[in-house]
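> sequence isn't available, so here's the structure alone:
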């Protein structure tokens with residue numbers, strides 16, 4: 001009997017459940033949804049990178065005939081953590097922030113719900129907001145030592161130091177020590193469907209809240225909303241329509257979206273829809289964390305890595321969500337991938353007055369791998385060694401123990417990837433100048 005015959009799905013091509021809807025154009029995404037009696041919400045955003053909101057005059061907007069509700073940052077909290085905070089009561093108290101400070105250009109100040117989008121836009125123009133501008137800091141290195149405090153607890157959101165072996169002993173055994181600094185940039189998901197759209201529908205009679213959102217994590221969203229609104233989990237329902245791309249950008253609640261929308265619906269007693277346009281998506285929702293990675297690496301003349309001192313400064317932005325998880329992934333890859341007996345890893349997650357950063361596919365791995373692999377290429381040049389051979393000599397392989405997780409490695413995919421890639425590219429011939437044009441087909 002063939003192995004695949006034992007299973008109904010594994011090893012077989014299974015049609016996607018939503019395929020017909022999508023290819024025929026019948027699939028409904030969050031921006032397509034409409035509910036009877038729905039109001040339209042719009043956000044007023046901060047023009048300052050750092051400021052205190054001293055007063056908000058809503059009187060003219062409230063007299064607009066099509067305006068049904070207005071909510072402000074004075075009453076709507078912001079999410080400043082992620083699932084990590086749900087584990088304890090102490091952590092839960094740190095999950096939400098309600099204050100009068102805006103921390104990046106585009107930070108939401110208030111939201112308006114009206115009978116139509118035009119009415120909501122008109123109402124925003126009738127609102128007067130007074131700000132007290134505060135000093136701003138945009139570079140994480142500067143923020144670490146700055147007297148400007150973005151949050152009351154300081155600008156360092158999280159710090160970690162892990163040591164494996166004795167890094168100074170490792171450097172003493174090295175023939176070459178190479179030191180470099182690498183920087184990665186902010187990067188947006190740029191999904192086909194902009195991030196994000198939400199419809200919140202609160203039923204005053206039953207106390208139930210139904211939220212339509214293209215979130216990647218409906219259960220996280222349910223827990224966050226229930227805790228922020230003081231509702232039982234059983235009275236918060238998340239419905240997830242088709243999603244036009246996510247890549248981490250919809251991991252949880254979107255900054256200024258579902259919470260603002262839900263508060264508007266609760267105040268108006270009607271469904272409310274808020275949909276960010278592309279400009280709002282690019283300027284005010286989460287992006288990939290920029291990293292500054294400082295590496296000091298020791299190696300012997302035969303290419304054996306002896307020590308690595310890794311220092312990561314991570315730009316969190318104005319608010320933090322996934323930063324601990326992202327730094328933890330950078331730690332596991334930075335320490336675990338190569339067989340280096342002595343490693344020191346130190347990381348800082350730092351607030352700046354820029355738009356917030358969060359989950360993005362790879363979750364810290366692209367940033368740390370860019371730095372590590374660039375460093376290895378430079379070492380190979382210094383040693384006059386084939387960079388593929390350098391990696392094969394030092395990667396942590398099958399049966400070895402990962403020092404971070406203390407688990408045995410049960411996969412040897414990296415070796416196969418390097419060998420097959422080198423073969424397909426005619427790598428050795430290309431390095432010696434004997435290869436013809438192009439690689440093998």
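Ah, there it is. If you're wondering where the values come from, they're calculated on a predicted model, not measured in any experiment.
> right, and the helix or strand after the lowest-mean-pLDDT helix or strand in the chain?
Within the chain, no helix or strand scores below helix 89-93, which has a mean of 83 by mean pLDDT, DSSP states H and E. Following helix 89-93 in sequence order, the next helix or strand is strand 96-97 (DSSP states H and E).
> now residue 78: phi and psi?
Dihedral angles of residue 78 (phi, psi; degrees, to the nearest 10) stand at phi -110, psi 150.
> pretty sure it is in contact with residue 97, am I right?
Yes. Between residue 78 and residue 97 there is a contact under C-beta atoms under 8 Å: 4.9 Å. From N, CA and C alone the C-beta is placed, and that goes for glycine too.
> which of the two has more residues huddled nearby?
residue 78 (22 against 16; other C-beta atoms under 10 Å).
> show the contacting residues for that one.
96, 97, 98, 255, 256, 259, 319 (C-beta atoms under 8 Å, 6 or more residues apart in numbering).
> ok, residue 19 next?
If you count contacts by C-beta under 8 Å, 6+ apart, then residue 19 has nothing around it.
> ok, now how distant is it from residue 13?
Distance, residue 19 to residue 13, using C-beta to C-beta, to the nearest Å: 12 Å.
> which stretches in the stretch 51-200 of the chain count as strands?
Remark: strands assigned in the stretch 51-200 of the chain by DSSP state E, counting those that start in this stretch are 51-57, 67-72, 78-79, 96-97, 101-102, 108-114, 128-133, 156-164, 176-183, 197-203.
> point out the most buried one among those.
Per residue and on average, the most neighbours among the strands of the stretch 51-200 of the chain fall to strand 108-114, with a mean of 26 (mean count of other C-beta atoms under 10 Å).
> now the angle between strand 128-133 and that one, please.
With axes from the mean of the first three to the mean of the last three C-alpha atoms, to 10 degrees applied, the angle from strand 108-114 to strand 128-133 works out at 170 degrees.
> so what does the longest helix along the chain touch, helix or strand wise?
Counting by DSSP state H, the longest helix found in the chain is helix 365-383. Packing contacts for helix 365-383, counted by 3 or more C-beta pairs under 8 Å, 6 or more residues apart in numbering; DSSP states H and E, involve strand 176-183, strand 291-299, helix 323-336, helix 387-394.
> for residue 237, find the nearest of the ones you listed.
Smallest distance to residue 237 across the helices and strands packed on helix 365-383 (C-beta to C-beta): 26.4 Å, for helix 323-336.
> what element comes up after the closest one heading to the C-terminus?
Helix 323-336 is succeeded, C-terminally, by strand 342-351 (DSSP H and E).
> so what does that following strand touch, helix or strand wise?
By 3+ C-beta pairs under 8 Å, 6+ apart, strand 342-351 packs against helix 140-145, strand 156-164, helix 167-172, strand 305-317, helix 323-336.
> partners of the fourth one, with directions?
The one in question is strand 305-317. According to DSSP bridges, strand 305-317 has the following sheet partners: strand 291-299 (antiparallel), strand 342-351 (parallel).
> residue 409: which of the ones you listed is closest?
strand 342-351 (16.3 Å).
> what comes up buried for that closest one?
342, 343, 344, 345, 346, 347, 348, 349, 350, 351 (16 or more other C-beta atoms under 10 Å).
> now the angle from that strand to helix 323-336?
160 degrees.
> for strand 342-351, what is the average pLDDT?
For strand 342-351, mean pLDDT is 98.
> residue 357 is in contact with residue 248, correct?
No. Residue 248 sits out of contact with residue 357 when judged by C-beta under 8 Å, with a separation of 10.6 Å.
> neighbour count winner among the two?
Neighbour count, other C-beta under 10 Å: between residue 248 and residue 357, residue 357 has more, with 26 against 18.
> tell me the bridge partners for that one.
residue 287, residue 320.
> and it, how far from residue 286?
Separation of residue 357 from residue 286 (C-beta to C-beta): 6 Å.
> anything in contact with each of those two?
Common contacts of residue 357 and residue 286 (C-beta under 8 Å, 6+ apart): residue 317.
> picking up where we left off before, a markdown table for the helices and strands packed on helix 365-383, including mean pLDDT?
Listed next are the helices and strands packed on helix 365-383 as a markdown table, based on pLDDT from 0 to 100:
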| stretch | mean pLDDT |
| --- | --- |
| strand 176-183 | 98 |
| strand 291-299 | 98 |
| helix 323-336 | 94 |
| helix 387-394 | 96 |
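> wait, which of the contacts of residue 78 is closest to residue 282?
residue 255 (13.1 Å).
> how about stretch 372-389, which residues are buried there?
Of all the residues in stretch 372-389, those buried under the rule 16+ other C-beta under 10 Å are 372, 375, 376, 379, 380, 383, 385, 386, 387, 388.
> distance to residue 293 added to these, as TSV?
Shown next, in TSV, are the buried residues of stretch 372-389 (distance: C-beta to C-beta, whole Å):
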residue	distance to residue 293
372	8
375	9
376	13
379	15
380	18
383	21
385	22
386	24
387	19
388	23
